[in-house]
Each structure stands twice: as C-alpha cells, then as structure tokens.
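**Q** Sequence and predicted structure are below.
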Protein chains: 2
Amino acid sequence: MNKQIDKQAAQKLAQAMGDECIAFRVRALNRIVTNLYDAALSPLNVTVNQATMLIMLSLVGEATPGRIGQVLIMEKSTISRNLDRMKKQGWVETAGRDGGKEQVVRATPAGRTLLVALHPIWEAAQKQVAEFLGSKGVSAVHTLHEAVRKKHPV
Amino acid sequence: MNKQIDKQAAQKLAQAMGDECIAFRVRALNRIVTNLYDAALSPLNVTVNQATMLIMLSLVGEATPGRIGQVLIMEKSTISRNLDRMKKQGWVETAGRDGGKEQVVRATPAGRTLLVALHPIWEAAQKQVAEFLGSKGVSAVHTLHEAVRKKHPV
DNA sequence: TGGTATATGTTGTATATACAACCAGTAATT
DNA sequence: AATTACTGGTTGTATATACAACATATACCA
C-alpha cells in the first residue's frame, strides 16, 4: 500500500524499456565507433570530430559557423568551441571580424596538409569499423543516415 | 612544387572521406537521438544516460561499477562519475565501502519511483524517434546492436 | 607469511556536447 | 531616421566521455 513500487515491478518496467531502447543502442554504438576512430587518429593529434569538420570545410571551400552547424547537425555553441580548438591548432582560420556576424571559416594550408596525412589513417579506421559492423551493419548506418538527411537536408 | 596541396586536391580527398564516413553518420545520429530523449526527459530532471543506467540496475538488481561498464559498454571512469551524479540525486546507492573494491550499486526506492514516472515519457520519446527513423531505420538500429553485442557480449 | 602482480575504483585533465543567457550587427517597420 | 525585431556568435554552466595516473584491495606465489 505504500507508494514505492517493489523490485519485481521495477524489473518488469526496466525489461520493457531496456529491450527496445533505441537511445541506448545508438549511444553505445557511438561510443564504440568514436573510440575506434579517435584511437586511430591519435598519432596525428586530431579527433574524429575535428577531422570531420576539416573534411567538411575542405569540401565546401569555406562556410560560416552557422552553415557548418547546419551541415554537420551541431548546435552553434558546439561549433563555436570546436572551431576554437581547431584554430588553436592552426588548421582553420577565420575571415572577417572574428566573433563578428557572418564570419567565414576555412581550412589553412596546415589544415590541408593534415587532411593528406589523415587520409590513409581514416581509411584504415573505416575498414576496421566496417569489419566490426559487418556489411549489414554498414548498410544499416547508411540507411539511418538517409533517414537523418530526410529531416536534416543539407 | 611546394609541399602544400592545392584546394582542388584537398577537396577530392575530402569528398572521398565525407562520402563514406561511418563515424560522422553515427555521431550525428547519436546527437539527434540523444537530444530527442533528453528533451523529453527534462521535466523529470533526468538524462537519457542516467535513465539507461537506472534501467539496467533495476533489471539486474544490483551490480558493481565494473559490471555496469561491461554491460553498458562504458569506460570505468565514466561510470564512476555518472554514478556520482545519480547518487547526488538519490536514485542509486552503494553497499560496501564507498570507493572500495567490489562495491555494489543498486537503485534506491526513489530510483524505482523515478522509473515509474519515466516509463510513459520514455515510451513517447521512443515513439517519436521511431517515427523519425522510420521502420527501416529502427530495424537498422537493431541490426547494428546485434553486431555490437557480438563483440561485446553481456 | 611476505611480496608482487592484478583487478577495481577514483581523480586529473581534456574534448564534445547542449541549453540559456547574452551581445552585436542587420533588417524591418513606422 | 529611430526604434524594434531578428539573426548569428560567444560565454556560463552542466553532463558525458575517455585516457593516464594513481590508490587500494585481493589474489597468487614463492
């Protein structure tokens, strides 16, 4: 008659949630994949997140922070601080008033050099992860990305 | 003849990497899914990560921090700090010397009460995410989780 | 039984992340 | 033109995360 539920009932609820939870699965996958890439990239002193941003910038030439956030699906404050770290490393630079509105960010020559060094390591990591996930897993990732892009068009 | 590669070459490399990169896709998905759940759970002042840990603990009754890390695929130091926050909220407690070896963690009555409140909200979030990902996306998540569990058996 | 090795947890440090609050330009309206 | 609304960026604060270094307890072995 008390308000506390017993452990049995809690377990039943937990079972229901744990059996299906998408968040847990996606988050665990994220940890594994991120750690694999980060370990591979650590000799270059770059993280997979930073690599992603550099790749994106090299692809489009230059972009405002806001645009970067749109494409990479990241919150603007996250972009702001990630760019700070990359600037400190000398991989990207800002044109126009720093901190000002509509500033433009682009990769530096050093950033492009890093990109070249990145390529084989990225390939190895990608291969390792693909092996980990299996071919079905890899297609599953692309399936999911399609769903994401439908809601977050570039 | 300089060592710097030109922007064209950089763009080509970037294209190759961006087109296929599993890490970017998984990480973006993680951000989206995590944010959706966290937004839904915020009225309860709990995060999806904390909810996951609470669910897991309720499911198994009790576990050492190390065991929690095994099951949830989290680094031990991450577990340590996440548990700190949950203890501060009163949702979990430790039996045995706190900080000592082989301590046991379990949900408190307050934790189980939270679990009950969690259930409908979790269901709504899960539904929302399932809709976002589509049925194909949801199966893709489960496919990926199978791959993960093959390498990280519980 | 004493000493070393191993397993388990915590703490220092750093990145990634987001929300809220804030600040500074730009645009819109009257 | 002046005031207001909006847009884009940064900063305060908090969680999640991991690696390295450390502390401690348990186990093993000589």
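**A** That came through, no problem.
**Q** Apart from its chain neighbours, what residue comes closest to A:Glu20?
**A** Distance criterion C-beta to C-beta, 6 or more residues apart in numbering or on different chains; nearest residue to A:Glu20, sequence neighbours excluded, is B:Gln126 at 6.5 Å. Just so you know, the C-beta spots here come from the backbone N, C-alpha and C atoms, and that holds for glycine as well.
**Q** Now do the contacts for the one you found.
**A** By C-beta atoms under 8 Å, 6 or more residues apart in numbering or on different chains, the contact list for B:Gln126 reads A:20-23.
**Q** Give the next helix or strand downstream of the helix or strand of chain A with the lowest mean pLDDT.
**A** Within chain A, no helix or strand scores below helix A:7-20, which has a mean of 90 by mean pLDDT, DSSP states H and E. Moving toward the C-terminus from helix A:7-20, the next helix or strand (DSSP states H and E) is helix A:22-41.
**Q** shaky segments in chain A?
**A** Applying pLDDT under 70 to chain A flags residues A:1-4, A:99.
**Q** who touches A:Gly69 in this structure?
**A** A:75-76, A:78-79.
**Q** Go again with 10 Å.
**A** A:63, A:75-80, A:82 (C-beta atoms under 10 Å, 6 or more residues apart in numbering or on different chains).
**Q** Just put those residues in JSON lines and tack on secondary structure and distance to chain B.
**A** JSON lines is the format used below for the contacts of A:Gly69 (DSSP: H, G, I helix; E, B strand; the rest coil; distance: C-beta to the nearest C-beta, whole Å):
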{"residue": "A:Ala63", "secondary structure": "strand", "distance to chain B": "13"}
{"residue": "A:Glu75", "secondary structure": "coil", "distance to chain B": "8"}
{"residue": "A:Lys76", "secondary structure": "helix", "distance to chain B": "13"}
{"residue": "A:Ser77", "secondary structure": "helix", "distance to chain B": "13"}
{"residue": "A:Thr78", "secondary structure": "helix", "distance to chain B": "9"}
{"residue": "A:Ile79", "secondary structure": "helix", "distance to chain B": "12"}
{"residue": "A:Ser80", "secondary structure": "helix", "distance to chain B": "16"}
{"residue": "A:Asn82", "secondary structure": "helix", "distance to chain B": "12"}
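**Q** Could you pick out the buried ones from the residues you listed?
**A** For the contacts of A:Gly69, a neighbour count by 16 or more other C-beta atoms under 10 Å in any protein chain shown gives the buried set as A:63, A:79, A:82.
**Q** Out of those, flag the one nearest to A:Gln8.
**A** Of all the buried ones among the contacts of A:Gly69, A:Gln8 sits closest to A:Asn82, with 46.2 Å by C-beta to C-beta.
**Q** Look up how far A:Arg112 lies from the closest one.
**A** Distance of A:Asn82 to A:Arg112, computed by C-beta to C-beta, to the nearest Å: 18 Å.
**Q** still on that earlier bit, got TSV for the contacts of B:Gln126, with neighbour count too?
**A** Formatted as TSV, the contacts of B:Gln126 follow (neighbours: other C-beta atoms under 10 Å in any protein chain shown):
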residue	neighbour count
A:Glu20	16
A:Cys21	22
A:Ile22	22
A:Ala23	25
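**Q** which pair in those spans the largest distance?
**A** Largest pairwise distance in these, by C-beta to C-beta, is 10.1 Å, between A:Glu20 and A:Ala23.
**Q** shared neighbours, the two?
**A** Residues touching both A:Glu20 and A:Ala23 (C-beta under 10 Å, 6+ apart) are B:122, B:126, B:141.
**Q** what sits against the closest residue to the first one other than its chain neighbours?
**A** Read it as B:Trp122. Of all residues beyond its chain neighbours, the one nearest B:Trp122 is A:Met17 (5.5 Å), with distances taken as C-beta to C-beta, 6+ apart. By C-beta under 10 Å, 6+ apart, the contact list for A:Met17 reads A:23-24, B:51-52, B:54-56, B:58-59, B:115, B:118-119, B:122-123, B:126.
**Q** A:Met53 too?
**A** By C-beta under 10 Å, 6+ apart, A:Met53 lies in contact with A:47, A:63, A:68, A:71-72, A:74, A:79, A:82-83, A:85-86, A:91-92, A:105, A:107, A:111, B:24.
**Q** ok so it is a helix residue?
**A** Yes: under DSSP: H, G, I helix; E, B strand; the rest coil, A:Met53 falls within a helix.
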